[in-house]
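*Asks:* Provided below are the primary sequence and the corresponding predicted coordinates.
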Amino acid sequence: MNLKNKKVRRSNILSMLALSFLVILACANILAADRPKQLDMPADMTMGRSLVGSDNALIDWEPPLEKRIEEYLSVHAEFIKEVCHPKDVSRYRGLYRGYFGEAVRIPLLNEKKGEIDYEAVESSLPEFSKKHRWILQEIAKLKKNSKYDISGNIKSIQALLEELLSYKYQLNNFKDDNDNDKKIKTETEKQSKKKLQELFTLYKEMVDKISFMQNYVFPVDYLALRKNYDNYNNKRDIESIKKRNRIFLQRKLLEDGALAVKGNSSDRYIRALLSTLYLRLENHQGSVLEEDVRYDLSSLLKVLPAFVSNNRLVVISESSKKKKKRKKRQIRGRTLLARMEDWKNKNLHSWAFAYRLVKSSQKSRQSIDLPKEVTRDPLFKMSEQAFANLVKVIAIKRHTLRDLNFVKQREVYRFWSKQPELIQALFTLETILFNEVGGMDNRSGCERKDIVQLVINRYHVPFYTSIAPEDPFFNYLAGGENGNKEEKIEQSRWLNLLFKDGEFSFTYFFIPLSERIYCPLTTKYAKTLRRGNLEIALSMLKNPRYDFKALRFFSRHAMLGRIDMSSIWADYAPIELRAGPMVEEHASDIYWQALLDQDYDYLDSFSGSDGKIYHTLELATGKNGKRSTLLFDGNLEASKEKEKAGNSREKGDFFYFRNNQHFKYFCPKN
C-alpha cells in the first residue's frame, strides 16, 4: 500500500481559519450546567425504536411540502419587514465595537447592579507582568534572528506520521490466529509505541524552535481551564461567582495572540492548538496513533509555515463603495517582530486598565511596581474622575448592548408566538440550522437531520421548553419592569427551545451572529440554504427518528485549542460514530479504481453504531493530487486480490464520510 502522506482537498488557510472563527462563536459557549438525564417522552414515542409515518408525526402537516415552505417564507418575509431595521443592526455593531475592548475585562459580581469584582482584577495583575516579561524575551530573540525555517521539522514529523499510520493499519487489520501472529502483533505494538514517543520528541523540537508562537505559559491546558470555568459558571452564590471571574480573566490572558494585520487575523487559534497537541502527544496512551491527534497535527502542519513567516499573505474583507457587498483582497502581513511589538503594546494597555481599575476602587491590598512602559499609557494621563467616567461609559455600552439584544429578541419572540405551531417550529429549527450548521454539511444533510432530531428530543424535556425566572430573557417577557406579566410564554415551547439561556450561543448579546436572529441573511446563498433547511425540518417533524437520542453536541474542530468536551459532560455519553449515505454505484467507479491501484492513504478504522467496521480512506479522485475522504466497510486486504473493480465490489461498499471533528453528539447516560 502506498501510505505516503499526500495533500487533501481543503480550503485555503485563511478560509479555514475564518470558518473556524464562525463555528467557535456558534459552539464554544455551550454551557455544562446540570441537565435532565432522561427524556420525558410521550408513551407513543418511546426512545429506541425508529418511528416512520405520519401516525407518529410530531406535527402532522398537510402536503404538498412546497406549499408549506412557501407559506413559511411568506411569513418570514413579513417578519423581516416588521422586525429587521437597518438602524438596529448599525446600532448593534457600533455598540459591539465599543464593548469588545476593555469591557470584556471587567468581571461583575452583580450583573443588574453593575458591581465590579475588583479582587478578581487585582489577582490578574501579576499575570500581566509575567506575560510582559515573556513577550520581551521573544522580541529580543526575534531581533537577533527573524527568519525561522521549520520545513525540515515538518518533513520529519510527516514521515513519522506515515510510519505510524502504517503500524495502525497493520494493528487494526491484523489476524492473530496463532502464537506467531500474536508475537508479531506484540512487536508491532512495541514499535508503534516507540514511534509515538519519537513523535513527541520531534514535535517538541519544532515548538521550542518557534517559541514566539507559544504563550507566556506553555503548554496551556485549555480543557482544564474550560472545565474549571464551567464548574462555577451556573452557580449563583457569591463565592462561585468570584472563582468564575478569576478563571475568566486567566482565560482572557491565555486565550490570546498576535495580529498579522491590525484588527484582523489573530493567531490565537494556532497558539492554542500548539499547546493542546503538546499535551496530547506527551500523554498519549496506547500504541496506536489516535485519530484526533492525527487530524489536529496534519491540519496544523499545513498552516503553521504561514504563521512563522515574515511574508505571510493575509486575506482581508472590506466594504466596497460601488457595491453593497464586501470584497476581499490579499495583503502582506506584518513581520514577526512587528506582530510581537503590537502584542506587547496591547498587553501593556490591558495591564494599565486593570491597574487603574483596581486603584480606583481604593480597596487594593498590594503594591505593585509598574514598568515605565505601563505608566506611559494614555490611561495614566487621565484624572481619577475622567477614568471613573470612562468605566461608567463602558458599563453603559455593555448594558445598552445587552438590552438591545434582548429587546430585539423579544420582538422576534412576540412576532412568531402569534403564528401557528408549525410555523413557530420551522422558525426555531431553520434558525438553529442556519447558525449552528451553516454550510458545513453534505448533500444528504446528515448533520442537519441530526441537529433537528436533537432539538425534537429537547422538545419533550420541560427544562428546554421553558424560560425560567432565573433566565435573563424572562425579565423581558413575563417578568421584571420590561416584561408583560400577561404573556403566556409557557405556550410557545418551540420559541423557548431557541431562546433558552445557555443552549445556543448565537443568541448571546456578545456574539455577532445574534443579529441574524432578528435580521436573517437574505442573500441568494442564504435563501437556498434556508429552503433546504426547511425541507429537512418538515420531513423530520413528520417522521422523527427517536432512535437517535442526542440532547447535546459540540464541534471540536471549532473549539479553541480543539478541546474535547466529552470529559466535561460527565452525565452524557458520546454517540458512536456513524457512516454517511452509501456512495451511488455510478459515482463509485473512481474510488474502486483508487482502491485497486492502492492509491489511497489509510487513516483510521472504527466500529459504527450499526456494528460494522468502517475504514477511513483518503483516495485519489483525479489528477492534480485531488483526493477525497470516504469510508469503506470491506476487507482491505481482500480487496487487493481482485484485479477488476466489478469483481471486487462484493467485498464492500463506499460511504460518505461524516467528520465527527465538526459535529459530535451526546446522549444522557441514564
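*Replies:* In hand now; what should we look at?

*Asks:* In stretch 279-299, which residues are buried?
*Replies:* Under the neighbour-count criterion of 16 or more other C-beta atoms under 10 Å, stretch 279-299 has 279-281, 284, 287-297, 299 buried. Every C-beta, even on glycine, is put in place using the N, C-alpha and C of the backbone.

*Asks:* Just flag the most distant two among those residues.
*Replies:* S287 and S299 (23.4 Å; C-beta to C-beta).

*Asks:* Return the member of the buried residues of stretch 279-299 nearest to A306.
*Replies:* Nearest member of the buried residues of stretch 279-299 to A306, counting by C-beta to C-beta, is S299, at 12.6 Å.

*Asks:* what pLDDT does that closest one get?
*Replies:* Model confidence at S299, given as pLDDT, is 94.

*Asks:* And for the one 4 residues further on?
*Replies:* According to the prediction, V303 has pLDDT 91.

*Asks:* Likewise for I210?
*Replies:* In this model, I210 is scored at 96, pLDDT.

*Asks:* likewise R410?
*Replies:* Per-residue pLDDT puts R410 at 94.

*Asks:* now it, nearest residue through space, not along the chain?
*Replies:* Nearest non-adjacent residue to R410, counting by C-beta to C-beta, 6 or more residues apart in numbering: Y476, 4.7 Å away.

*Asks:* Same question for D88.
*Replies:* That would be K408: by C-beta to C-beta, 6+ apart, it lies 6.2 Å from D88.

*Asks:* Quick one: neighbours of that neighbour, just the number.
*Replies:* A total of 24 residues lie near K408 under the criterion other C-beta atoms under 10 Å.

*Asks:* just checking, it touches V83?
*Replies:* Yes - in this structure, K408 is within contact of V83 by C-beta atoms under 8 Å, at 7.3 Å.

*Asks:* For these two, list the residues in contact with both.
*Replies:* Residues touching both K408 and V83 (C-beta atoms under 8 Å, 6 or more residues apart in numbering): Y518.

*Asks:* Which strand or helix spans the residue nearest to R410?
*Replies:* Here Y476, judged by DSSP states H and E, is contained in helix 474-477.

*Asks:* Quick one: list the elements packing against that helix.
*Replies:* Using 3 or more C-beta pairs under 8 Å, 6 or more residues apart in numbering; DSSP states H and E, the elements in contact with helix 474-477 are helix 384-417.

*Asks:* What residues sit buried inside the helix it packs on?
*Replies:* Of the residues in helix 384-417, those with enough neighbours to count as buried (16+ other C-beta under 10 Å) are 387, 390-391, 394, 397-402, 404-406, 408-413, 415-417.

*Asks:* average pLDDT for the next helix-or-strand element following that helix?
*Replies:* Following helix 384-417 in sequence order, the next helix or strand is helix 421-432 (DSSP H and E). Across helix 421-432, the average pLDDT comes to 97.

*Asks:* Could you check the angle the helix or strand following helix 421-432 makes with helix 421-432?
*Replies:* Downstream of helix 421-432, the next assigned helix or strand under DSSP H and E is helix 446-459. Helix 446-459 runs at 130 degrees relative to helix 421-432, counting by axes from the mean of the first three to the mean of the last three C-alpha atoms, to 10 degrees.

*Asks:* what residues does helix 446-459 touch?
*Replies:* Applying C-beta under 8 Å, 6+ apart, the contact partners of helix 446-459 are 39, 58, 428-429, 432-433, 436-437, 440-441, 464-465, 493-494, 497, 532-533, 536-537, 540-541, 544-546, 548-553, 580-581, 656, 658, 662-663, 665.

*Asks:* Keep only those of those residues that are in helices.
*Replies:* T428, L429, I432, R493, W494, L497, G532, N533, I536, A537, M540, L541 (DSSP state H).

*Asks:* OK, contacts around the second one?
*Replies:* This points to L429. V452, V455, N533, A537, M540, L541.

*Asks:* Flag the shaky bits of this structure, pLDDT-wise.
*Replies:* For the chain, applying pLDDT under 70 flags the ranges 1-55, 100-104, 261-265, 311-333, 362-368, 479-487, 623, 639-650.

*Asks:* Helix, strand, or coil at the residue lying closest to V293 once chain neighbours are set aside?
*Replies:* Closest residue to V293 apart from its sequence neighbours, by C-beta to C-beta, 6+ apart: R280 at 5.4 Å. Classification of R280 using DSSP: H, G, I helix; E, B strand; the rest coil returns helix.

*Asks:* tell me the phi and psi of G625?
*Replies:* phi 70, psi 10 (degrees, to the nearest 10).

*Asks:* Ok, R545 next?
*Replies:* Note on R545: its backbone torsions stand at phi -110, psi 90 [degrees, to the nearest 10].

*Asks:* Next, find the distance separating K67 from N543.
*Replies:* 18 Å (C-beta to C-beta, to the nearest Å).

*Asks:* Check G98 too.
*Replies:* Distance of G98 to N543, given as C-beta to C-beta: 48 Å.

*Asks:* And the helices in the stretch 51-200 of the chain?
*Replies:* Counting by DSSP state H, counting those that start in this stretch, the stretch 51-200 of the chain has helices at residues 65-83, 86-99, 118-144, 151-172, 179-209.

*Asks:* which other helices and strands contact the shortest one?
*Replies:* On a contact count with 3+ C-beta pairs under 8 Å, 6+ apart, helix 86-99 meets helix 384-417, helix 515-518.

*Asks:* How far away from the center of its chain is the shortest one?
*Replies:* Right, helix 515-518. How far helix 515-518 lies from its chain's middle: 20 Å, per C-alpha atoms, centre = their mean, to the nearest Å.

*Asks:* Tell me, how many residues neighbour G625?
*Replies:* Per other C-beta under 10 Å, the neighbour tally for G625 reads 11.

*Asks:* Could you do D589 as well?
*Replies:* Per other C-beta under 10 Å, the neighbour tally for D589 reads 13.
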